[in-house]
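Asker: Give me a model of this one.
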Amino acid sequence: MPESFFVLSKDNLEIAIDEIISIAKIYDRFAKVKVSSNLVIIQSKISWEWITKRATFVKVSGQILRKMSGLFLDEENFEILKNAKTFVCRIVNLSSNQFNIPELEKAMGDMIIKFSKAQVSLKNPDITIYLIFTDKENFFGFSKRFEVENRPKKIKKYPHELDWKLTRVMINLIGLKEGETVCDPFCGTGTTLLEAESMGIHAIGLDFDEKMYNISKENLDVNGYKSKIIKADFSQLTNMIDEFEGIVTDLPYGIASKSSENPEELMKKFVSILPKRKKIAIMCKKGFEKKLNINPIKKYEIYRHKSLTRTILIK
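Answerer: Numbering: from 1, shown residues only. So this is what the prediction gives:
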């Protein structure tokens, strides 16, 4: 079974690793996982391209070819270059050893040219060949050029709106598939809706604030997206339980409400009506989760700056 490798950003590494594993398990529950620092190796029928397109914190990815001869390769491995016109070599050093990376990349390139008709191209090559060093093992791998999908446009934003990367991570962590539906009961400027629809996931947004409702609608329209937006508060959830598989949201804990009720009490009411047997990811300010009656299966802390750390709860 093919093995894929993913070198992840070391920022928020725990959540980055869990995201890759979650994506693989969405499509192949028998996928095998190996983690070494910020390197994740997945043995699965799911391609590295598919996982990479959904993931948020991947820096480098590709397919692993196990056969190596000492530091370099067996000649048969160059079959991957059979139809390629251009290639580039890249060294990923995750070990404690020091290498002259430019010299090593050049040596690899010179050797490959002897065995193939492909030529080195530093700009947009057909194939990128990787040699990955760790303290325990070395891996030879490659990736083929593939198109990166355009990010959804956002013509209107708002202070403190939900970060698109963390939104995408939450959608992936709760394991929603294409064709399923996510609901954001505090949709604001529509970040959850935009990210979900860009991933092939349907979305429903709720917001009682007319200004936020209109901003979400404009942001969806500019992308040609069809997510449903409802001008209503979170209590509407109880009337639409069968319309979605999961909830992803950022609790508006610090925003003044039009209601005379205390914002903390409102959030407790929201948590009390969360539907059972639904996949749920909630973000809030660190410490706020202690005031809610939530028993998450996983909790992450995301440092933003010295006065703000976000907490993500997966239930």
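Asker: Which residue ranges of the stretch 1-150 of the chain form helices?
Answerer: Assigned by DSSP state H, counting those that start in this stretch, the stretch 1-150 of the chain shows helices spanning 13-27, 48-54, 101-115.
Asker: for the stretch 151-300 of the chain, same thing?
Answerer: Using DSSP H, counting those that start in this stretch, helices in the stretch 151-300 of the chain cover 164-173, 191-198, 210-223, 263-272.
Asker: Skip the chain neighbours and tell me the closest residue to residue 108.
Answerer: Leaving aside its chain neighbours, residue 108 sits nearest to residue 89 (4.1 Å; criterion: Cβ to Cβ, 6 or more residues apart in numbering). Where C-beta positions appear, they are placed from N, C-alpha and C, glycine not excepted.
Asker: hang on, the earlier thing: mean pLDDT, distance to residue 230 and mean neighbour count added to the helices of the stretch 151-300 of the chain, as JSON lines?
Answerer: Shown next, in JSON lines, are those (pLDDT from 0 to 100; distance: least, Cβ to Cβ, whole Å; neighbours: other Cβ atoms under 10 Å):
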{"stretch": "helix 164-173", "mean pLDDT": "96", "distance to residue 230": "19", "mean neighbour count": "24"}
{"stretch": "helix 191-198", "mean pLDDT": "97", "distance to residue 230": "11", "mean neighbour count": "26"}
{"stretch": "helix 210-223", "mean pLDDT": "96", "distance to residue 230": "8", "mean neighbour count": "18"}
{"stretch": "helix 263-272", "mean pLDDT": "87", "distance to residue 230": "15", "mean neighbour count": "15"}
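Asker: show me what contacts residue 94?
Answerer: 7, 36-39, 132-135 (Cβ atoms under 8 Å, 6 or more residues apart in numbering).
Asker: could you flag which of those are buried?
Answerer: Among the contacts of residue 94, those classed as buried by 16 or more other Cβ atoms under 10 Å are 7, 38-39, 132-134.
Asker: so where's the stretch 151-300 of the chain uncertain?
Answerer: Low-confidence segments of the stretch 151-300 of the chain (pLDDT under 70): 253-261.
Asker: Go again with 80.
Answerer: Filtered on pLDDT under 80, the stretch 151-300 of the chain yields the residue ranges 159-160, 253-263.
Asker: about what we covered before: mind putting the helices of the stretch 151-300 of the chain in JSON lines, distance to residue 99 included?
Answerer: Putting the helices of the stretch 151-300 of the chain into JSON lines (distance: least, Cβ to Cβ, whole Å) gives the following:
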{"stretch": "helix 164-173", "distance to residue 99": "31"}
{"stretch": "helix 191-198", "distance to residue 99": "38"}
{"stretch": "helix 210-223", "distance to residue 99": "44"}
{"stretch": "helix 263-272", "distance to residue 99": "51"}
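Asker: of these, which approaches residue 107 most closely?
Answerer: Judged by Cβ to Cβ, the one of the helices of the stretch 151-300 of the chain that comes nearest to residue 107 is helix 164-173, at 36.7 Å.
Asker: gap between the closest one and the chain center?
Answerer: 6 Å (Cα atoms, centre = their mean, to the nearest Å).
Asker: Hey, what's the angle from that helix to helix 191-198? Just curious.
Answerer: Using axes from the mean of the first three to the mean of the last three Cα atoms, to 10 degrees, the inter-axis angle of helix 164-173 relative to helix 191-198 is 60 degrees.
Asker: what's around residue 230, how many residues?
Answerer: Residues lying near residue 230 (other Cβ atoms under 10 Å) number 17.
Asker: separation between it and residue 157?
Answerer: 21 Å (Cβ to Cβ, to the nearest Å).
Asker: Equivalent analysis for residue 90, please.
Answerer: Look at residue 90 and residue 157: by Cβ to Cβ, they are 35 Å apart.
Asker: Give me the more crowded residue out of those two.
Answerer: Taking other Cβ under 10 Å, residue 90 and residue 157 do not tie; residue 90 has more neighbours (17 against 11).
Asker: Nearest spatial neighbour of that one, chain-adjacent residues omitted?
Answerer: Nearest non-adjacent residue to residue 90, counting by Cβ to Cβ, 6+ apart: residue 130, 5.3 Å away.
Asker: what's near enough to touch the nearest residue to residue 246 once chain neighbours are set aside?
Answerer: Nearest residue to residue 246 in three dimensions, chain neighbours excluded: residue 279, at 3.7 Å (Cβ to Cβ, 6+ apart). Counting by Cβ under 8 Å, 6+ apart, residue 279 makes contact with 174-176, 245-247, 315.
Asker: Check residue 278 too.
Answerer: Applying Cβ under 8 Å, 6+ apart, we find residue 278 in contact with 241, 244-247.
Asker: If we use 10 Å, what do you get?
Answerer: By Cβ atoms under 10 Å, 6 or more residues apart in numbering, the contact set of residue 278 is 174, 182-183, 237, 241, 244-247, 315.
Asker: And those residues, which is closest to residue 204?
Answerer: Nearest to residue 204 among these, with distances taken as Cβ to Cβ, is residue 183, at 4.6 Å.
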